[in-house]
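K.L.:
generate coordinates for the sequence data below:
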Amino acid sequence: MTKEKFDNLLKDLELTRQEFSNITGIAYSTINNWHDEKKPIPSWVDSWFENYIKAKDMDKVIDAIKPHIKE
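P.N.:
Numbering: from 1, shown residues only. The predicted structure follows:
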């Protein structure tokens, strides 16, 4: 993943680097040091974004059906 793609995904998900840092437990300074060549973005970040997007989508589904579920 390129730094540009990383930043675009954060923007699309309305997350800051600081929020990403807090959620993942990765030091903010480490995230800021990720670059395309010298310090590449770790490969796990791709799947993290995929799972985060799925979780956000599932939250929307739950919110949509919740009023229709009798407890």
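K.L.:
can we go C-alpha only for contacts and neighbour counts from here?
P.N.:
Will do.
K.L.:
residues touching the residue most central in space within the chain, list them.
P.N.:
By C-alpha atoms, centre = their mean, the chain has its centre lying nearest to Phe49, at 4.4 Å. Shown in contact with Phe49 (C-alpha atoms under 8 Å, 6 or more residues apart in numbering): Leu9.
K.L.:
what mean pLDDT does the longest helix anywhere in the chain have?
P.N.:
Taking DSSP state H as the criterion, the chain has its longest helix at helix 44-65. For helix 44-65, the mean per-residue pLDDT is 96.
K.L.:
list the buried residues of it.
P.N.:
By neighbour count with 16 or more other C-alpha atoms under 10 Å, helix 44-65 contains no buried residues.
K.L.:
and Tyr52, how close does it get to Lys70?
P.N.:
28 Å (C-alpha to C-alpha, to the nearest Å).
K.L.:
please, which helix or strand holds Leu10?
P.N.:
According to DSSP states H and E, Leu10 maps onto helix 3-12.
K.L.:
dump that helix to CSV, restricted to CA.
P.N.:
Extracted C-alpha coordinates of helix 3-12, given in CSV (Å, rounded to 0.1, in the frame of the first residue of the first chain):
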residue,chain,number,x,y,z
LYS,A,3,1.3,6.3,1.6
GLU,A,4,-1.2,8.1,-0.8
LYS,A,5,-3.6,5.2,-0.7
PHE,A,6,-3.3,5.0,3.1
ASP,A,7,-4.1,8.7,3.5
ASN,A,8,-7.0,8.4,1.0
LEU,A,9,-8.5,5.5,2.9
LEU,A,10,-8.2,7.4,6.2
LYS,A,11,-9.9,10.4,4.6
ASP,A,12,-12.7,8.2,3.1
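K.L.:
and it, what does it pack against?
P.N.:
If contacts are counted by 3 or more C-alpha pairs under 8 Å, 6 or more residues apart in numbering; DSSP states H and E, helix 3-12 sits against no helix or strand.
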